[in-house]
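Enquirer: Based on what follows, work out the 3D shape:
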Amino acid sequence: MITGPQIRAARALLGIDQKTLAQMAGLSVPTIQRMEASGGVVGGMVDSLTRVIAAIEGAGVELIAEGATSMASGRGVRLWRPDGPVSGGDGEGE
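Expert: Down below sits the predicted model:
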């Protein structure tokens, strides 16, 4: 499915805030906040996840699953972790 960091990255690419994504997906801001707070795959209602994915993809961002190949054209970014998960953000252990 989709991860919290993917949602945050998609918003950054689109230049939108949580409120705008919530409006695009027809969800509440707290729902978007909960999804983005997830460190891994977002859990919750399938309908809500589907709405967020549709809103992000409808705005032009391709969500690429782990190990998947992108079939679209255009610019993009992909998180690459050659040695496993990125550390907790203190810059140590990378």
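Enquirer: contacts, neighbours, all on C-alpha from now
Expert: Will do.
Enquirer: what about T20, helix or strand, and which?
Expert: helix 18-25 (DSSP states H and E).
Enquirer: Give me the helices and strands touching the helix or strand just after that helix, please.
Expert: Per DSSP H and E, helix 18-25 leads on to helix 29-37 as the next helix or strand towards the C-terminus. Contacting helix 29-37 under the criterion 3 or more C-alpha pairs under 8 Å, 6 or more residues apart in numbering; DSSP states H and E are the following elements: helix 4-14, helix 18-25.
Enquirer: just how off-centre is stretch 34-48 within its chain?
Expert: How far stretch 34-48 lies from its chain's middle: 10 Å, per C-alpha atoms, centre = their mean, to the nearest Å.
Enquirer: And stretch 58-69, by the same measure?
Expert: Computed by C-alpha atoms, centre = their mean, the chain-centroid distance of stretch 58-69 equals 9 Å.
Enquirer: What of stretch 59-71?
Expert: Mean-position distance between stretch 59-71 and its chain equals 11 Å (C-alpha atoms, centre = their mean).
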